[in-house]
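> Give the three-dimensional model of this entry:
(chains A and B)
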Amino acid sequence: MSSTPEALWTDPAARRLRPAAVLCRALRGTGLDAVDLAVPVGWRLLVVSRPDAAASELLRLIGGLARPRSGSVRLAGLDPIATQRAGGLVSYVGPQAGLYGWMTPREALQLSARLVALPQNRIEPVLRSHGLLATADRPMRRGGAAERQRVALATAVLTDPEVLLLDDALSAVDLADRRALLTDDTPRRTVLLVSRFPAREVGICSHVALLRHGRLALLAPISDLEREGLSLSMRGIETLADRREPAAATRAG
Amino acid sequence: MVAGLALRELWISFRLLAVIGSLLAAGVAIMLVRLVDPIAAPLPWLAAGVAVAAAFVAGLSAWSFSAERRRGAAAWLVGRSVPRGSVLFGWLLALAAPLVAGLVLVAAFGWLLQGAGSPAAYAAAAGAVLADLFVALATGLLLGTVLAPAPAALVAVLLLAALAAAGGVGIAAGMPLPGDGLRLLAELPARQQPLSDALSAAGTSILVAAVLLGVARLAVERSEL
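Numbering: from 1, shown residues only, chains lettered A, B, ... in the order given. The predicted structure is shown next:
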């Protein structure tokens, strides 16, 4: 097995070791104060925060779209800029789709494939799986926000990324479709999903992280909420964090 | 590829026509002046009209690039291994194309109205004006990399207006500054050495534009997308 960080992306044996796909060390940015976070390969992590903007900022720092004031981000050993240059290892979809309205979904996917040198024959299956075949040749400005968000997600998964960063990316898509789109069968893919409404992510995520006052206040499996009789909601997540904070403080003391 | 996307976006949103139109409006302004005063010298009015167009182009380019960052289109490209610098220079090329086309048209119109003098001197003055327009474009792109769309556009327009005013009222007389090309165009019939003046003005403006674009290139590496 190669000793390069890229081996973590490609080697099945390395994946079984569940190394950190995303590693943040003492990360400081707008609304973030020394966040330490390690997300193992294959996690589907729901990230929520008080205030809301902190979680989005975290994703933007991880995606290399903003620069941290201090601290570091590593995506399987690589910095975010290196992963951007490699193209396709990490995909970010934000609240704004970032696509031109005059483009058709097919054009957007073709462009995406061309930019990262992917074969064009990968486009049709992605159009089909994202429910875009019927509107594939119609400019996106004629569709709604939901269609643009579907296309943005389709262009993001076209490259088969190892890490998928979704910042309120499907807010306009209805719940059933949203669940179908986000529940994929790629166990190696690590997904970080920021949501303002955690209840909408039931069945989609495996773990939850809460950022409070700029720091990581909770990182736990979703099943811990059920075990404590709490719902997947902002209140439930904060209650779980409150219950664990005294225990953590006792352990630290 | 980025320049092609940007050009199509400018075309669809009518901004391409707005850039060309702002320069053609300078030609229309001369015609209106000539209606009032048939013997009015056309070149000072042409220079004034192009100065207004330069401020408009600076504001439009600032707004366009900043909006491109804000709405996530730049992030979408960067996430697909397009370097940040290529996004910036793609927009530079896309905005430069209508600028050159508009200036060629309005300069030809100005020459027809002027109807006398050395064609070489006039072409050299037009070249210096084009270099001034690149300063406006570079100013806009630099501001677009660091500010939100509305403030970027406003600051760009105000900067260009201040520069034009400084040149117009003689505050900066004798100093090599971007905008000398416009001053040369306005005073072309009276200049003793129009070719060397044009080269000097163009050189200053090209240098300033290159510095601004270099700073924008550095800024875009650090800016939020």
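> Next, the contact list for A:V116, please.
A:G87, A:G88, A:T159, B:R80, B:S81 (C-beta atoms under 8 Å, 6 or more residues apart in numbering or on different chains). Placement of C-beta: from N, CA and C, glycine included.
> Mind putting those residues into JSON lines with neighbour count?
As requested, the contacts of A:V116 are exported to JSON lines (neighbours: other C-beta atoms under 10 Å in any protein chain shown):
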{"residue": "A:G87", "neighbour count": "20"}
{"residue": "A:G88", "neighbour count": "22"}
{"residue": "A:T159", "neighbour count": "24"}
{"residue": "B:R80", "neighbour count": "22"}
{"residue": "B:S81", "neighbour count": "18"}
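> Take these and keep only those in helices.
In this view, these have no member that belongs to helices under DSSP state H.
> Residues of chain A that sit close to chain B?
Residues of chain A lying close to chain B (C-beta under 8 Å from any C-beta of the partner chain) are A:60, A:63-67, A:84-88, A:90-92, A:94, A:96-102, A:111-112, A:114-116, A:152, A:155-156, A:159.
> ok, 6 Å please
A:65-67, A:84-85, A:87, A:92, A:94, A:96, A:98, A:100, A:102, A:112, A:115-116 (C-beta under 6 Å from any C-beta of the partner chain).
> longest helix of chain B?
Chain B, longest helix under DSSP H: helix B:84-114.
> What helices and strands are in contact with that helix?
helix B:2-12, helix B:15-36, helix B:42-70, helix B:73-78, helix B:119-146, helix B:194-222 (3 or more C-beta pairs under 6 Å, 6 or more residues apart in numbering or on different chains; DSSP states H and E).
> Do me a favour and average the pLDDT over it.
Averaged over helix B:84-114, pLDDT sits at 93.
> relative orientation of it and helix B:194-222 in degrees?
150 degrees (axes from the mean of the first three to the mean of the last three C-alpha atoms, to 10 degrees).
> Mind listing what's buried along helix B:84-114?
B:84, B:86-92, B:94-99, B:102-103, B:106-107, B:109-111, B:113-114 (16 or more other C-beta atoms under 10 Å in any protein chain shown).
> dump the residue contacts of the most centrally placed residue in chain B.
Nearest to the mean C-alpha position of chain B, counting by C-alpha atoms, centre = their mean, stands B:L133 at 2.4 Å. By C-beta atoms under 6 Å, 6 or more residues apart in numbering or on different chains, the contact list for B:L133 reads B:A54, B:L99.
> Over to A:A97?
Per C-beta under 6 Å, 6+ apart, neighbours of A:A97: A:R148, A:Q149, A:A152.
> can you rerun that using 10 Å?
A:A97 makes contact with A:108, A:140, A:145, A:147-153, A:155, A:169, A:172, B:71-73, B:76 under the criterion C-beta atoms under 10 Å, 6 or more residues apart in numbering or on different chains.
> again, but for B:L77
A:98, A:111-112, A:115, B:1-2, B:5, B:68, B:83-84, B:86-87, B:90, B:225.
> interface residues of chain B facing chain A?
For chain B, the residues in contact with chain A (C-beta under 10 Å from any C-beta of the partner chain) are B:1-2, B:5-6, B:8-9, B:11-13, B:68-84, B:221-225.
> ok so, going back, now do the residue nearest to the centre of chain B against chain A, distance only.
Between B:L133 and chain A the distance, using C-beta to the nearest C-beta, to the nearest Å, works out to 26 Å.
> filter the contacts of B:L77 to the buried ones?
So, by 16+ other C-beta under 10 Å, the buried ones in the contacts of B:L77 are A:98, A:111-112, A:115, B:2, B:5, B:68, B:83-84, B:86-87, B:90, B:225.
> Present the residues you listed as TSV; the columns should include distance to A:V22.
Output for the buried ones among the contacts of B:L77, formatted as TSV (distance: C-beta to C-beta, whole Å):
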residue	distance to A:V22
A:G98	21
A:L111	27
A:S112	22
A:L115	23
B:V2	29
B:L5	30
B:E68	27
B:P83	23
B:R84	22
B:S86	27
B:V87	25
B:G90	30
B:L225	19
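> Would you map the strands across the stretch 151-253 of chain A?
For the stretch 151-253 of chain A, applying DSSP state E, counting those that start in this stretch gives strands covering A:163-167, A:190-194, A:207-212, A:215-221.
> Tabulate the ones you listed (a markdown table), appending mean pLDDT and mean neighbour count.
Below are the strands of the stretch 151-253 of chain A laid out as a markdown table (pLDDT from 0 to 100; neighbours: other C-beta atoms under 10 Å in any protein chain shown):
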| stretch | mean pLDDT | mean neighbour count |
| --- | --- | --- |
| strand A:163-167 | 92 | 25 |
| strand A:190-194 | 93 | 25 |
| strand A:207-212 | 94 | 22 |
| strand A:215-221 | 93 | 18 |
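> Looking at the ones you listed, which is nearest to B:A186?
Nearest to B:A186 among the strands of the stretch 151-253 of chain A is strand A:163-167; the distance by C-beta to C-beta comes to 51.7 Å.
> neighbouring strands for the closest one, and are they parallel or not?
According to DSSP bridges, strand A:163-167 forms sheet pairs with strand A:90-93 (parallel), strand A:190-194 (parallel).
> How far off centre is the first one?
Which is strand A:90-93. On the basis of C-alpha atoms, centre = their mean, to the nearest Å, strand A:90-93 sits 7 Å off its chain's mean C-alpha point.
> do the same with the last one
In terms of C-alpha atoms, centre = their mean, the gap separating the centre of strand A:190-194 from the centre of its chain is 3 Å.
> now that strand and strand A:207-212, what's the angle there?
40 degrees.
> Dump strand A:190-194 to CSV, restricted to CA.
Coordinates of the C-alpha atoms in strand A:190-194 are reproduced here as CSV (Å, rounded to 0.1, in the frame of the first residue of the first chain):
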residue,chain,number,x,y,z
THR,A,190,-18.1,11.0,3.9
VAL,A,191,-20.9,13.5,4.0
LEU,A,192,-21.0,16.6,6.1
LEU,A,193,-24.5,18.2,6.0
VAL,A,194,-25.4,21.6,7.5
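> ok, B:V146 - contacts?
Contacts of B:V146 by C-beta under 10 Å, 6+ apart are B:A62, B:S66, B:R69, B:A152, B:V155, B:V215, B:A216, B:A219, B:V220, B:R222, B:S223, B:E224.
> for B:S13, same thing?
A:Y100, A:G101, A:W102, B:S64, B:A67.
> low-scoring pLDDT stretches of the chain, where are they?
Unless you meant another one, I'm taking chain A. A:1-19, A:86-87, A:184-185, A:246-253 (pLDDT under 70).
> look at chain B instead
Counting by pLDDT under 70, the ranges of chain B that qualify are B:167-177.
> again, only using 80
Within chain B, the segments meeting pLDDT under 80 span B:38-40, B:114-117, B:164-179.
> helix or strand for A:L65, which one?
For A:L65, there is no host helix or strand (DSSP states H and E).
> what's the closest non-adjacent residue to it?
B:L225 (4.6 Å; C-beta to C-beta, 6 or more residues apart in numbering or on different chains).
> if I read this right, the one you found contacts B:S66, doesn't it?
No: at 11.1 Å, B:L225 does not count as touching B:S66 under the criterion of C-beta atoms under 10 Å.
> Which neighbours do those two have in common?
Contacts common to B:L225 and B:S66, judged by C-beta under 10 Å, 6+ apart, are B:A74, B:T145.
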